[in-house]
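# this one's structure only:
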């Protein structure tokens, strides 16, 4: 088994309200940043997974997203898998 | 001015409690994923910024992190800047 680092980014689906993003977007001009738009706030989850290869790691992490990490009704997710060096056994 | 997409990842500093990560790490084995460790939950912020170049955009976004987006006492942040194609004016 090899260790892989997974980085999951969970964002709101289009059309789902993002009150944190809206609040930041309203606050930034007050602080002098008038040149910012389209602020979206999501979650970032990092974890380490043991798997036979990167493909298997990705399949398992996508399944975890569907079952626990994200709410697929209102959230989208992206997964990046990176092999951790010197971890094969 | 050119438009740049910024992706900010906000994580807990080492040694700061991450109760969301700990909860996910306890829940995953119950769902059958015993091969996962080091779960960390952070925030992901995406925004679009107008700036003269990528360096200026990065400097401004780092400043926003310090002043509003993150709490530097307990959080670390990473910024990725990507130029949005076809946006120069």
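Structure received. Source: prediction; values computed, not measured. Residues are numbered from 1 along each chain as shown, chains lettered A, B, ... in the order given.
# Could you use CA atoms for every contact and neighbour count after this?
Fine.
# Write out the residues of chain A neighbouring chain B.
Counting by CA under 8 Å from any CA of the partner chain, chain A comes close to chain B at A:9-10, A:24, A:28, A:35-51, A:64, A:69.
# Quick one, which of those residues are buried?
A:9-10, A:24, A:28, A:36-37, A:39-51, A:64, A:69 (16 or more other CA atoms under 10 Å in any protein chain shown).
# can you map out the helices along chain A?
Ranges of helices in chain A, per DSSP state H, are A:19-30, A:54-64.
# Out of those, indicate the one that is most buried.
helix A:54-64 (a mean of 17; mean count of other CA atoms under 10 Å in any protein chain shown).
# what's in contact with it?
Contacts to helix A:54-64, defined as CA atoms under 8 Å, 6 or more residues apart in numbering or on different chains, come from residues A:4, A:6, A:49-51, A:79-83, B:28.
# Any idea how many residues pack against residue A:85?
Residue A:85 has 9 neighbours, counted by other CA atoms under 10 Å in any protein chain shown.
# hang on, the earlier thing: save the contacts of helix A:54-64 as JSON lines, and put in distance to residue B:59 too.
Output for the contacts of helix A:54-64, formatted as JSON lines (distance: CA to CA, whole Å):
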{"residue": "A:4", "distance to residue B:59": "32"}
{"residue": "A:6", "distance to residue B:59": "28"}
{"residue": "A:49", "distance to residue B:59": "34"}
{"residue": "A:50", "distance to residue B:59": "37"}
{"residue": "A:51", "distance to residue B:59": "39"}
{"residue": "A:79", "distance to residue B:59": "27"}
{"residue": "A:80", "distance to residue B:59": "26"}
{"residue": "A:81", "distance to residue B:59": "28"}
{"residue": "A:82", "distance to residue B:59": "28"}
{"residue": "A:83", "distance to residue B:59": "31"}
{"residue": "B:28", "distance to residue B:59": "38"}
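# Is residue A:21 in contact with residue A:41, as I believe?
Yes - between residue A:21 and residue A:41 there is a contact under CA atoms under 8 Å: 5.1 Å.
# any chance you could map the strands in chain A?
Counting by DSSP state E, chain A has strands at residues A:2-12, A:36-51, A:75-83.
# Would you convert the ones you listed into CSV that also reports mean pLDDT?
Below are the strands of chain A laid out as CSV (pLDDT from 0 to 100):
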stretch, mean pLDDT
strand A:2-12, 97
strand A:36-51, 97
strand A:75-83, 97
